[in-house]
Structures are given as C-alpha cells and as structure tokens.
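A.B. asks: got a sequence here, can you build the structure:
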Amino acid sequence: MKKYIFLIILAFGQYLFAEYHPTLVANRVWYCLDGNSGHVFPMQLTQPQIEINGKVYWDMGNRALREDIEEQRIYVMWRGVNGYDETTPEYLQVDYNCSVGDIVSVPCKTDGVNRVIDCLVEDVSVIDDRKHITVRLDIPEYLDMWKDEPLTDEVRAMINDALLEEWVEGVGISDNGGILLEHVYNVTYAGVGARIIVCVLDNDNIVYENDYYGRNCNTITALNEVPADELLTISDNVLTLKDTDANAVSAIFSADGRQVMSFTGNTADISSLPQGLYVLRTAAANGKNLTAKFVK
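C.D. replies: Coordinates of the predicted model:
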C-alpha cells in the first residue's frame, strides 16, 4: 500500500513541478497541414516584437500574441482597422495551467466570424514532459447541422472528434485547432480546422511531431531545392510561381531565416520587401515541397 501511495505522490510531484515549455520562441518553425489543399507549409514568428499598452507581443499581422511564463498562459489581441490601442481587448488564447473540469473561454473564428466560446477541460496529461490538454468546444451550430440525421454510432463518433481540441504545451493547438494558436473552426466544413500543426522545429531539432495525419518531420522538412528560374519569375515586383498548385500556401524567408511573407496561390506582390537575398518555400503541383533562393 505504501508503495502505491509513493508512486502516486511521485507522479503528482512530476506533474506539479515539471518545467514549463514556452511556446512563443524566436526562430521556432511550425509546419502546418492545410486541410483544404493537403499541402504542408512552414510558419515562423515575425520579428521584431512590438509593445502594446506596456506589454510585449509578437506581431502576427492580423493579431498579436504574448506569453505569460509565470501564468503559463498565452494571450491574443486582434488588430483593428486602425491597428492596436488602449481600447483593443486582449483575450486568453490558451491556458496550460488549467485543470480537469475547468471552463476556459477562448476567441474562436467560426465560418469567418470572430466570437468567444467556452471550452470544457476534459483531460490533462503529461506526454514526453509536455502537458497535453484536451478540451471540448461549445459550438451548438455544429450539433444543429446533424439535427435531421440519425445519430448512429458513426455520427456520434464524428461529432465527438470534431468538437475536441488539443493544446500541447510548447507547441500550440493541434488536431482540430489552427495555426500558431489561432482557433479556427469551420462549421460548414464538417468542423475540421483548416490548418493543423504536424511538426515543430527549433534550429532543425524536432520539438513536436504529430504523426496522426500520416506525416512526419523528416518527410515534411525534406525540401527539394531547385534553381530559382525553374520555380519562379519576378517582374514589376510581382513574383509568379511555375507549376504549383493554385491552392498552395507559400512562405518567403529572409537570409537570416525570418519569415517575412506568406501567400496563397501563384502570385505575390513583393514590392514591400527590401532588396536582398530571400528563400521561397512552396509546394509543386505533384505535392512535393520545393525551395529556391532568389534575389530581389
């Protein structure tokens, strides 16, 4: 009996005093699966950081993120028409300090509409020294979609899976969640999140790998470098891709590895980029990940 009590105390102690793994880390690269095109594309934190209302955020373009290490929480501010000011609300985006049974309210984009939804924390576990938190999303619209359908075991299982989201400490939102901590939930698309984190790297070291979708970090990061003239053309500050999927998501990186731009489709306006050396990462029509260096 004493042995079992000791093991329980030991397990609880490891959970309580485990080192917290920050998520918003400079030079970290998230590889995300686009649920619509099936392509995997990289995302990276934009630098430099910005100060809003006395707090430091990572500027993500349409939103800004900050992480409170002590609280083990991540917050988000959505950029307004005139940018950010003292009236811009801040929302709790992910709470790694929650417990089973807690209700956590997070901002969520459902079918293009920004709103705040409640999440019921169903499970908190530690896997490979990282907290994995399973939450259930309260989105009644999704249940309404099935009101005229027979609730077979298959339908019940699909509803159950679609309304679950996983928060992985030091990584972000996986499975039905979005990219770089953005809750994206398309009710009209069977509840499937548009972009799913499948691999996270720090300086080529694997931080996280989600092989549920049949992808692994070695395959994802095996980029095929090709000469720039085989992949793209540049004319009048418009970059045009050759032989790529029209729905492919591409990213442009500066010479020091910072992501400076991302775009969907075959063309991009690069007039805002200073002159210099850049690296383009994209996917060809055959699904292969391609990279090429180019000079503007």
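
A.B. asks: these two touch, right, residue 279 and residue 296?
C.D. replies: No. The criterion here is Cβ atoms under 8 Å, and residue 279 misses it with residue 296 at 11.8 Å. Every residue, glycine included, has its C-beta placed from N, CA and C.

A.B. asks: pick out whichever of those two has more residues nearby.
C.D. replies: Comparing residue 279 with residue 296 by neighbour count (other Cβ atoms under 10 Å), the higher total belongs to residue 279, at 19 against 14.

A.B. asks: okay, helices next: where are they in the chain?
C.D. replies: For the chain, helices defined by DSSP state H occupy the ranges 2-17, 140-144, 153-162, 217-220, 228-231.

A.B. asks: ok, of those helices, where does mean pLDDT dip lowest?
C.D. replies: Lowest mean pLDDT within these: helix 2-17, a mean of 46.

A.B. asks: wait, doesn't residue 146 sit right on residue 152?
C.D. replies: No. Using Cβ under 8 Å, residue 146 is not in contact with residue 152, being 10.2 Å away.

A.B. asks: and the two? Which one has more around it.
C.D. replies: Higher neighbour count among residue 146 and residue 152: residue 146, with 13 against 9, using other Cβ under 10 Å.

A.B. asks: list of residues touching stretch 64-78?
C.D. replies: 20, 22-24, 50, 52, 55-58, 62-63, 79, 84, 88-97, 107, 114, 169, 180-182 (Cβ atoms under 8 Å, 6 or more residues apart in numbering).

A.B. asks: now do it, average pLDDT.
C.D. replies: Stretch 64-78 shows a mean pLDDT of 92.

A.B. asks: try stretch 29-41
C.D. replies: Rounded mean pLDDT across stretch 29-41 is 69.

A.B. asks: how near is the closest residue to residue 237 other than its chain neighbours to residue 210?
C.D. replies: In space, and not counting its chain neighbours, residue 237 is closest to residue 271: 3.9 Å by Cβ to Cβ, 6 or more residues apart in numbering. From residue 271 across to residue 210, the span is 36 Å (Cβ to Cβ, to the nearest Å).

A.B. asks: now do residue 266
C.D. replies: Where residue 210 is concerned, residue 266 sits at a distance of 29 Å (Cβ to Cβ).

A.B. asks: do residue 153 as well
C.D. replies: 26 Å.

A.B. asks: next: residue 122.
C.D. replies: Distance from residue 122 to residue 210, counting by Cβ to Cβ: 19 Å.

A.B. asks: those two: which is more packed in?
C.D. replies: Between residue 122 and residue 210, residue 210 has the larger neighbour count (other Cβ under 10 Å), namely 20 against 12.

A.B. asks: quick one on the thing from earlier: buried among the contacts of stretch 64-78? Make that a PyMOL selection.
C.D. replies: Listed next is the PyMOL selection for buried residues among the contacts of stretch 64-78, using 16 or more other Cβ atoms under 10 Å:
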select buried, resi 20+23+24+52+57+58+63+84+90+91+92+93+94+95+96+97+107+169+180+181+182
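
A.B. asks: in strands, which of the contacts of stretch 64-78 appear?
C.D. replies: Secondary structure from DSSP state E places 50, 52, 55-58, 63, 90-95, 107, 114 of the contacts of stretch 64-78 in strands.

A.B. asks: where does the stretch 151-296 of the chain dip in pLDDT?
C.D. replies: For the stretch 151-296 of the chain, residues meeting the criterion pLDDT under 70 lie at 175-195, 211-216, 218-224, 245, 256-257, 283-288.

A.B. asks: tell me who's in contact with the closest residue to residue 255 other than its chain neighbours.
C.D. replies: Counting by Cβ to Cβ, 6+ apart, residue 255 lies nearest to residue 277, which is 4.6 Å off, once chain neighbours are set aside. By Cβ under 8 Å, 6+ apart, residue 277 lies in contact with 254-255, 293-295.

A.B. asks: most neighbours among the residues you listed, which one?
C.D. replies: Counting by other Cβ under 10 Å, top hit in the contacts of residue 277: residue 294 with 18 neighbours.

A.B. asks: partner residues bridging that one?
C.D. replies: For residue 294, the beta-bridge partners are residue 278 (DSSP bridges).

A.B. asks: would you agree it is in contact with residue 232?
C.D. replies: Yes. Counting by Cβ under 8 Å, residue 232 is a contact partner of residue 294 at 6.4 Å.
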